[in-house]
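Asker: The following comprises the amino acid sequence and a computationally predicted model.
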Amino acid sequence: MNLALFFAGKMQGHKQYKNTVSARIINIATLAVCLGISAILIAMSTSKGLQKEIQNKTSVFNGHILITLFENNESQVSVLPFKDTDSVRQKIGENKNIKRFHSIALKPGMLKNKSHFEGVVFKGVSSNFDWSSLDTFLTEGRFPDLSNRISKEILISETLARQLDLKVGDQTDSFFQNLSINGLPKKRRFTISGIYFSGFPDIDQTLLFGDLRQIQKLNLWEENMIGGYELFVKNFSLIQNTTDNIYNDIPSELNSIPIFDRFPSIFQWISLFDFNVLIILIVMILVGVTNMATALLVLILERSRMVGLLKAVGARNKLIQKIFLYNGAVIMSKGLLFGNLIGLGFYFSQSFFGWIQLDPSTYFVSKAPVLISGLEVLFINLFFLFISSLLLWIPSKIILRISPSKVLRFR
C-alpha cells in the first residue's frame, strides 16, 4: 500500500479541507495551470498550422526546388531557356527524396478585357503537370486540357477574374513582348477554363496557368527548350541536402535553388513563430508553477500540525514530502485536464468550422489554420508535469524545518 498516496487522498476528500484558505488558493492554482496549458496548445496549434499552410501554398505554386540557368536566378521570369534532356531528367529522378517534377517557363504579359487590363505572369506547364495538387484551390470550372495540340485554355485567379470581369468560358485578349525586330506586342486570345483562389495576394494578383508550348511559340524557342524544372520533395526537412546533391549532379550551367532562398522574407517570418511559441511556453509554465508552488506552500503551512503529528509518530520527511507532492500532482492533473479540454476544443472547432478569420493580405490565409499531433499534445503535458514536479520539490523542503515540539504545543 502506498501510504503517501493514501494520506493525500484523505486530505483531498476531507470536508474541512475544502473550506480552508488553501482550498481557494488551490482553485486559483488549478485555474492558472488550466489557462497555461490551454494557451500553449492554442499557440502551438495555430503557429504550426500557419507555418504549414504558408509553406504548402508557397510550395504548390512554386515547387520546393527550382532548377534553372544561373542567368535566371534573380528573375521571376524565364529570361534564357535551356534544353529539356533525358539525361538531366534521369539525374533528377535518381534522387530518392524527389517526389515529382515538371518543366515550366514564365513570361510576363498583360490581360485585357474591354476597358480593363492587368499585368500578369503566364506560367507555362507541360502535359505531365500534376493538376491534382491544385484541387483544393480550384473554385470554378476545370483545369486546362494540355493533352493534345497547343491549348488556348488558361487558369486564372479569382482576383484577376474580378478585376477583369471574367468568368469561366469567357475569352480574353493577352499581350506579350515581341522579341523580333519590329517590337510590336504579340496578341493571343485565351479561354478561361477555370478559376482558382490561393489566398496568397502575390500569387492571386498576377499568376495564371497555361500551356508551356504557348511560351515556346511566343519566345521562338524550340520544342525542347524550357525555362526550368520545379521539383517537389518527399521530406521537406531534407530539402537543403537534396538541393546540394542535385546541384552536384546536373550540368554546370544549371543551378538548383531551394524555396526558402527564393522567398527568404516569407520563411524568415514564419520561422519567428517557433520563437513566439517558445516564449509563451516559458511564460505559461512559470505562471502555472509559481501558482502551484504558492498553493503547496500555503497547504504545508496550514497543515503544519499534521506534519508535526506525523513526525511525532515516526514518519520520515520523504514520506511527508510525497504526501504534499501527490496533492500537488492531483491539483496539476485537474488543471491539465480542463486545459486540454479547452485547447483541444479550440483545435477541433477551428479545424471544422474555421470561425477565426484572418486578413489574407497580412497572413496569406483567409482563416486561422491549426495543426498539432497527439504526440505533441502528450509531450507538452508530460513536459509541463515534469518541470512542475521538479520545482514543487523546493517548497516541500519547508517540511524539514517543521519541529513537532513547536507545532504540537498546547494552546
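Answerer: Cool, got the structure. Numbers count the residues shown, from 1 in each chain.

Asker: all strands of the stretch 101-250 of the chain, in order?
Answerer: 116-125, 138-141, 153-157, 171-176, 186-196, 207-211, 225-226, 228-233 (DSSP state E, counting those that start in this stretch).

Asker: Neighbouring strands - and their directions - for the shortest one?
Answerer: Strand 225-226 sits in its sheet next to strand 82-83 (antiparallel), going by DSSP bridges.

Asker: ditto for the fourth one
Answerer: Neighbouring strands of strand 171-176 in its sheet, by DSSP bridges, are strand 98-113 (antiparallel), strand 186-196 (antiparallel).

Asker: What residues sit buried inside the first one?
Answerer: To tie it back to what came earlier, the one meant is strand 98-113. Residues of strand 98-113 classed as buried: 98, 101-107, 109, 111, 113 (neighbour count, 16 or more other CB atoms under 10 Å). The way it works is simple: take the backbone N, C-alpha and C, and place the C-beta from them, glycine included.

Asker: what two of those residues have the greatest distance between them?
Answerer: Comparing every pair within the buried residues of strand 98-113 by CB to CB identifies Ile98 and Asn113 as the most remote, at 39.6 Å.

Asker: returning to that earlier point: just so I know, which of the strands paired with strand 171-176 lies nearest Gly335?
Answerer: Evaluated over these, closeness to Gly335 peaks at strand 98-113, with 43.3 Å, by CB to CB.

Asker: Alpha carbons of the closest one, in CSV - could you do that?
Answerer: C-alpha atoms of strand 98-113 as CSV (Å, rounded to 0.1, in the frame of the first residue of the first chain):
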residue,chain,number,x,y,z
ILE,A,98,12.3,13.7,-55.1
LYS,A,99,8.6,13.0,-55.3
ARG,A,100,7.8,14.5,-58.7
PHE,A,101,9.0,17.3,-61.0
HIS,A,102,7.9,19.1,-64.2
SER,A,103,9.1,21.6,-66.7
ILE,A,104,8.0,25.2,-66.7
ALA,A,105,8.5,28.6,-68.3
LEU,A,106,7.4,32.0,-67.1
LYS,A,107,6.6,35.0,-69.3
PRO,A,108,5.2,38.5,-68.3
GLY,A,109,2.3,39.9,-70.2
MET,A,110,-1.0,41.7,-69.9
LEU,A,111,-4.6,40.6,-69.9
LYS,A,112,-7.2,42.9,-71.4
ASN,A,113,-11.0,42.7,-71.3
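
Asker: what angle sits between it and strand 228-233?
Answerer: 130 degrees (axes from the mean of the first three to the mean of the last three CA atoms, to 10 degrees).

Asker: mean confidence score for strand 98-113?
Answerer: Averaging pLDDT along strand 98-113 gives 90.

Asker: And stretch 190-203, by the same measure?
Answerer: 89.

Asker: gap between the two ends of it?
Answerer: 20 Å (CA to CA, to the nearest Å).

Asker: what's the neighbour count on Arg303?
Answerer: Using other CB atoms under 10 Å, Arg303 has 23 neighbouring residues.

Asker: how about it, phi and psi?
Answerer: Arg303 adopts backbone torsions of phi -100, psi 30, taken as degrees, to the nearest 10.

Asker: Distance-wise, check it relative to Ile26.
Answerer: 12 Å (CB to CB, to the nearest Å).

Asker: would JSON lines of the strands paired with strand 171-176 with distance to Gly119 be doable?
Answerer: Listed next are the strands paired with strand 171-176 as JSON lines, based on distance: least, CB to CB, whole Å:
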{"stretch": "strand 98-113", "distance to Gly119": "6"}
{"stretch": "strand 186-196", "distance to Gly119": "15"}
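
Asker: Of all the ones you listed, which one is nearest Arg142?
Answerer: strand 186-196 (5.1 Å).

Asker: Can you mark which positions in that closest one are buried?
Answerer: Using 16+ other CB under 10 Å as the test for burial, strand 186-196 gives 188, 190, 192-196.

Asker: Make TSV out of those and add distance to Ile92.
Answerer: As requested, those are exported to TSV (distance: CB to CB, whole Å):
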residue	distance to Ile92
Arg188	31
Phe190	30
Ile192	33
Ser193	29
Gly194	29
Ile195	32
Tyr196	27
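
Asker: State the pair within these that is farthest apart.
Answerer: Using CB to CB, the buried residues of strand 186-196 span at most 20.3 Å, a distance reached by Arg188 and Tyr196.

Asker: before we move on, which element is Ala295 in?
Answerer: Using DSSP states H and E, the element containing Ala295 is helix 264-302.

Asker: where's the nearest residue to His102 once chain neighbours are set aside relative to Gly210, distance?
Answerer: Nearest residue to His102, sequence neighbours excluded (CB to CB, 6 or more residues apart in numbering): Phe129, at 5.0 Å. Remark: distance between Phe129 and Gly210 (CB to CB) = 11 Å.

Asker: So these two - more neighbours on which side?
Answerer: Taking neighbours as other CB under 10 Å, Phe129 and Gly210 compare with Gly210 leading, 25 against 22.

Asker: show me the residues around that one that make contact.
Answerer: 122-125, 144, 151, 153-155, 190 (CB atoms under 8 Å, 6 or more residues apart in numbering).

Asker: and if you look at Trp355?
Answerer: Contacts of Trp355 by CB under 8 Å, 6+ apart are Ser349.

Asker: That one looks like it's in a helix, true?
Answerer: No - Trp355: not assigned to a helix; according to DSSP: H, G, I helix; E, B strand; the rest coil it is coil.

Asker: Next one: it relative to Asn27, how far apart?
Answerer: 30 Å.

Asker: for Asp202, same thing?
Answerer: Applying CB to CB, the value for Asp202 to Asn27 is 50 Å.

Asker: next one: Val277
Answerer: Note on Val277: its distance to Asn27, by CB to CB, is 28 Å.

Asker: With neighbour numbers in mind, choose between those two.
Answerer: A count of neighbours by other CB under 10 Å puts Val277 above the other of Val277 and Asn27, at 17 against 14.

Asker: For the more buried one, give me the pLDDT.
Answerer: 84.
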